[in-house]
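below is the structure, and that's it, no one-letter string:
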């Protein structure tokens, strides 16, 4: 491997020291940036400018004799639901998420219009505008995009880069929801999406704000959080998904995961409640996570993973012509959604 130019090597090293690992830097750079290109001093400024843009950093301090990492944005960041002694360094993931959110917001096809002000009314609206057996991930995504609220799935960011479960980036003209929990299950992403929608509706995040939910996992369906905003968002999400507040589920007798799935499917169909949500709700209530996860997998069957569903909705909700090709490449890579982009793009006669 060719030794990189000294200046660019210092820049890359400074970024790494600031919490942006080399694996992440490699993910952000276009395919044409090879080891040979890195050794070319004439393109070091262009490479640094690309990284600065993707990470929301000022480019000029990177070219100092001793490169400095300085954020371009001055925004209020609210970190929510952090687990004591397990808090992660989310600097890199937050920076990437903001960059993604701003790009997608610019290209959104629909102007932002606020959600209705109550969980019950929003539930009625979703089921009326996008009918289905229940209120689930797909029709809730469609409702978000119809309100001009983009929803993006942030994929793996490279080895050693921690991610949050969900967040809201309120750009200059619209909120953007970022989902990034590493789970293929629609039901997991559904609750996180409902929770982030709640933050928007309840006014917990305002224009210019960033709200990060670090971890929404085993406390997913119970409002034990001391943070009043988090408890309110959980309560809103539960009512949105179930049609009633404080909904919990139990079984009268022991059951295996297939029996749990069948029971949830029948109840969910009758009451327009996602069966996957029911089994994870049951798992949280009973602490039987093994059977709950297996039941959720069984219910999802051979359907695409949640990330693909979210990304397909994203590519359908934005106008690629509004973005330069390097940004399109960046989005496909950071969301790991090239296949979804191709599927959506093929439905148009011509994008360019």
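On my side now, so go ahead. Treat the numbers as computed from the prediction; the structure is a model and nothing was measured.

any idea how many residues pack against residue 182?
The tally of other residues near residue 182 (other C-beta atoms under 10 Å) stands at 11. C-beta coordinates here come from the backbone N, C-alpha and C atoms, glycine included.

not counting its neighbours along the chain, what's nearest it?
Spatially, and ignoring its direct neighbours in sequence, residue 182 is nearest to residue 163 (7.0 Å; C-beta to C-beta, 6 or more residues apart in numbering).

that neighbour reaches residue 153, doesn't it?
No: between residue 163 and residue 153 there is no contact under C-beta atoms under 8 Å: 10.6 Å.

in the helix or strand bottoming out on mean pLDDT in the chain, which residues are buried?
Lowest by mean pLDDT, DSSP states H and E among the helices and strands of the chain is helix 35-38, with a mean of 78. By neighbour count on 16 or more other C-beta atoms under 10 Å, the buried set for helix 35-38 is 37, 38.

what about that helix, distance to the chain center?
The chain centroid and the centroid of helix 35-38 are separated by 32 Å, computed with C-alpha atoms, centre = their mean, to the nearest Å.

point out the other helices and strands that the helix or strand just after it packs with.
Note on helix 35-38: by DSSP states H and E, the next helix or strand toward the C-terminus is helix 44-55. Helix 44-55 is packed against helix 6-17, helix 22-28, helix 91-107, with contacts defined by 3 or more C-beta pairs under 8 Å, 6 or more residues apart in numbering; DSSP states H and E.

tilt between helix 44-55 and helix 91-107?
80 degrees (axes from the mean of the first three to the mean of the last three C-alpha atoms, to 10 degrees).

partners of the helix or strand that helix 44-55 is followed by in the sheet?
Per DSSP H and E, the first helix or strand lying C-terminal to helix 44-55 is strand 76-80. Strand 76-80 pairs in its sheet with strand 209-213 (parallel), by DSSP bridges.

what touches both of residue 163 and residue 153?
residue 180 (C-beta atoms under 8 Å, 6 or more residues apart in numbering).

isn't residue 122 up against residue 241?
No: with contact defined as C-beta under 8 Å, residue 122 and residue 241 do not form a contacting pair (10.5 Å).

more crowded one of those two?
residue 241 (28 against 23).

and what about residue 206, helix, strand or coil?
coil (DSSP: H, G, I helix; E, B strand; the rest coil).

tell me the domain ranges of the protein?
6-63, 76-300 (automatic domain parsing).

point to the residue nearest the middle of this structure.
residue 179 (1.7 Å; C-alpha atoms, centre = their mean).

for that one, what are phi and psi?
phi -110, psi 130 (degrees, to the nearest 10).

list the residues that contact it.
Residue 179 touches 151, 152, 153, 154, 165, 166, 189, 192, 193, 196, 310, counting by C-beta under 8 Å, 6+ apart.

could you measure from it over to residue 69?
27 Å (C-beta to C-beta, to the nearest Å).

residue 291 too?
Distance from residue 291 to residue 69, by C-beta to C-beta: 47 Å.

thought residue 248 was touching residue 281?
Yes: between residue 248 and residue 281 there is a contact at 6.3 Å, judged by C-beta under 8 Å.

the two: which has the busier surroundings?
residue 281 (26 against 14).

what distance do you get for the more buried one to residue 23?
Residue 281 is 36 Å from residue 23, where distance means C-beta to C-beta.

residue 118 now?
Residue 118 is 44 Å from residue 23, by C-beta to C-beta.
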